[in-house]
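S.K.: could you look at this predicted model? Sequence included:
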Amino acid sequence: MRRIPLIAQSPSRPAEKRAKDLAQARELMGILEQSNPWSVRDALDGARSRGTKWRQAVDRSLAELGLA
C-alpha cells in the first residue's frame, strides 16, 4: 500500500515505466481486494490518516488506477 501514493507523485517517470507501475498496482489491488478486502480498506484508511498530503496522494493514485 505504501506505493499507492507514490503513483500520483511520479508523473515525470518515463511513460513505459509509469504504465508498468500502474498495471502492477491495478493487478495487486484487484488480488488483495478479492482475498482480503478489509485489509485493503484498513491500509488505505491508515495511509489517508497520515495527513492531507497523504490523503490527496492516495485519492489521486486510486483515481488514476480507476479504483476511486
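M.R.: In hand now; what should we look at?
S.K.: and the next helix or strand past the one helix or strand Gln24 maps to?
M.R.: Using DSSP states H and E, Gln24 maps to helix 15-35. Next in sequence after helix 15-35, counting helices and strands by DSSP H and E, comes helix 37-48.
S.K.: which helices and strands sit right next to that following helix?
M.R.: Helices and strands touching helix 37-48, by 3 or more C-beta pairs under 8 Å, 6 or more residues apart in numbering; DSSP states H and E, are helix 4-8, helix 15-35, helix 52-65. (Each C-beta comes from the backbone N, C-alpha and C, glycine too.)
S.K.: can you list the low-confidence ranges for the protein?
M.R.: 1-13 (pLDDT under 70).
S.K.: try 80 this time
M.R.: The model of the chain has pLDDT under 80 over residues 1-15, 18, 68.
S.K.: can you tell me the closest non-neighbouring residue to Gly66?
M.R.: In space, Gly66 comes closest to Arg26 once its chain neighbours are excluded; the distance is 7.2 Å by C-beta to C-beta, 6 or more residues apart in numbering.
S.K.: tell me who's in contact with that neighbour.
M.R.: Contact analysis of Arg26 by C-beta atoms under 8 Å, 6 or more residues apart in numbering lists Leu65, Gly66, Leu67.
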